[in-house]
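Colleague: have a look; sequence and predicted model below, questions after that.
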Amino acid sequence: MLPTIVTPRPAPAPVAVLPAPASEASAGRLVAIDVARMDPSGRLRATRVLRALDWLPGMGIDVDVVREAIVIRAGSSGRHRIGRLGDIRVPASIRILSGIGDCRSVFVAALVHRQLLVIHPAGTIARVLGRTYDRLIGKLDAR
């Protein structure tokens, strides 16, 4: 007869708890979007997205370019200010560097959780959506 060898079993590993899927309502609190028209001086009204960020008229902002986007951060030492009507003026140099130039229609997104405002030329959003729709249609055609 062979001896019985008892090997202690390790404790089970803890199961990771996954976050609940974001509902449309909670996703709306993370990103607020709008379409705006920029006037020839680079001024645009962004009241809705500013409200989502809790940014107020007179607040200092810093305006930077990241690739084809204008990124705006709030800061007390900001070189620019939010206008009294919830308007933002984007300097010509920033508009040129971002590729917005004389583009009048822009897509504005407030990344609430990051406290950032991002402005894209409408053409950039049209290209991204075009690629997305091409993939979507390709999947439909493959059925």
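Modeller: Here it is on my side, so go on. Since the structure is predicted, the reported quantities are computational estimates derived from the model, not experimental observations.

Colleague: all strands for the protein, in order.
Modeller: With strands called from DSSP state E, the chain shows them at 31-37, 43-45, 60-66, 69-74, 80-81, 87-89, 105-111, 116-121.

Colleague: CSV for those, including mean neighbour count, distance to residue 135 and mean pLDDT?
Modeller: (Glycine included, C-beta is placed from N, CA and C.) Formatted as CSV, those follow (neighbours: other C-beta atoms under 10 Å; distance: least, C-beta to C-beta, whole Å; pLDDT from 0 to 100):
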stretch, mean neighbour count, distance to residue 135, mean pLDDT
strand 31-37, 15, 21, 92
strand 43-45, 18, 31, 92
strand 60-66, 15, 25, 93
strand 69-74, 20, 22, 94
strand 80-81, 16, 38, 94
strand 87-89, 20, 34, 93
strand 105-111, 20, 20, 94
strand 116-121, 21, 20, 94
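
Colleague: export those strands to JSON lines and tack on distance to residue 139?
Modeller: Shown next, in JSON lines, are these (distance: least, C-beta to C-beta, whole Å):
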{"stretch": "strand 31-37", "distance to residue 139": "25"}
{"stretch": "strand 43-45", "distance to residue 139": "36"}
{"stretch": "strand 60-66", "distance to residue 139": "31"}
{"stretch": "strand 69-74", "distance to residue 139": "28"}
{"stretch": "strand 80-81", "distance to residue 139": "44"}
{"stretch": "strand 87-89", "distance to residue 139": "39"}
{"stretch": "strand 105-111", "distance to residue 139": "25"}
{"stretch": "strand 116-121", "distance to residue 139": "26"}
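
Colleague: what is the longest helix of the chain by residue count?
Modeller: As assigned by DSSP state H, the longest helix anywhere in the chain is helix 122-141.
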